[in-house]
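Chemist: sequence and predicted structure, then a few things I'm wondering about:
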Amino acid sequence: MGNAIVVAVVVGVAIAIQVAVVGSASGVVHPLAVSTVLQIAGMLSGILWVLHRSAWVELGAVAVRWWVLPLGLAGWGIVAALGYSSARLGVSTTLVLVVATQLVAGLVVDLATGDAAFSLRQPIGVVLVICGAAIVSING
């Protein structure tokens with residue numbers, strides 16, 4: 001569990017930096033152009049990983065899934081939208097709104113799929129995060 005926490009924290013830092021950079025670049029070029037270049041860089045990195053690991057079977061197992069195209073399209077759009085929003089709202093406001101929305105949507109998904117038992121902690125946590133999002137989002 002300790003490694004997973006470290007990985008999650010590192011991802012959080014990486015996302016904040018990525019959003020800041022994409023937001024800054026989006027002031028010069030269209031956010032979808034920035035996202036496209038990042039997707040290409042990610043694809044090149046992934047190809048190097050596949051070549052290094054000889055992971056062609058793993059790659060093929062995922063490539064045939066129906067959800068690959070819509071989720072890839074969503075990822076491309078998400079990066080662009082984060083850049084667009086952060087250029088207008090700031091990185092912290094953009095991310096706190098995204099995280100609050102993810103928490104609410106994740107809770108709904110967990111409850112709908114039966115992956116989480118409902119308790120009073122979930123709505124209390126959601127309310128606290130939404131309050132935090134509101135506080136961080138207030139310009140003042």
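Modeler: Right, received. Where do you want to start?
Chemist: so what's the gap between stretch 23-33 and the chain middle?
Modeler: Stretch 23-33 sits 18 Å away from the centroid of its parent chain (C-alpha atoms, centre = their mean, to the nearest Å).
Chemist: quick check: buried residues in the helix or strand where G46 lies?
Modeler: Assigned by DSSP states H and E, G46 belongs to helix 31-53. Judged by neighbour count (16 or more other C-beta atoms under 10 Å), helix 31-53 contains these buried residues: 31-32, 34-35, 38. Glycine gets a C-beta too; all of them are placed from N, C-alpha and C.
Chemist: what is the very next helix or strand once past it packed up against?
Modeler: The helix or strand immediately downstream of helix 31-53 is helix 56-63, counting by DSSP H and E. Where contact means 3 or more C-beta pairs under 8 Å, 6 or more residues apart in numbering; DSSP states H and E, helix 56-63 is packed against helix 31-53.
Chemist: 7 Å instead?
Modeler: Counting contacts by 3 or more C-beta pairs under 7 Å, 6 or more residues apart in numbering; DSSP states H and E, helix 56-63 is packed against no other helix or strand.
Chemist: hmm, who's touching it?
Modeler: 50, 68 (C-beta atoms under 7 Å, 6 or more residues apart in numbering).
Chemist: so the next helix or strand after it versus helix 56-63, what angle?
Modeler: Scanning forward in sequence from helix 56-63 by DSSP H and E, the next helix or strand is helix 68-89. Computed by axes from the mean of the first three to the mean of the last three C-alpha atoms, to 10 degrees, the angle separating helix 68-89 from helix 56-63 equals 80 degrees.
Chemist: list the buried residues in helix 68-89.
Modeler: For helix 68-89, by 16+ other C-beta under 10 Å, it's 79-87, 89.
Chemist: just those: which has the poorest pLDDT?
Modeler: Among the buried residues of helix 68-89, L89 has the lowest pLDDT, at 89.
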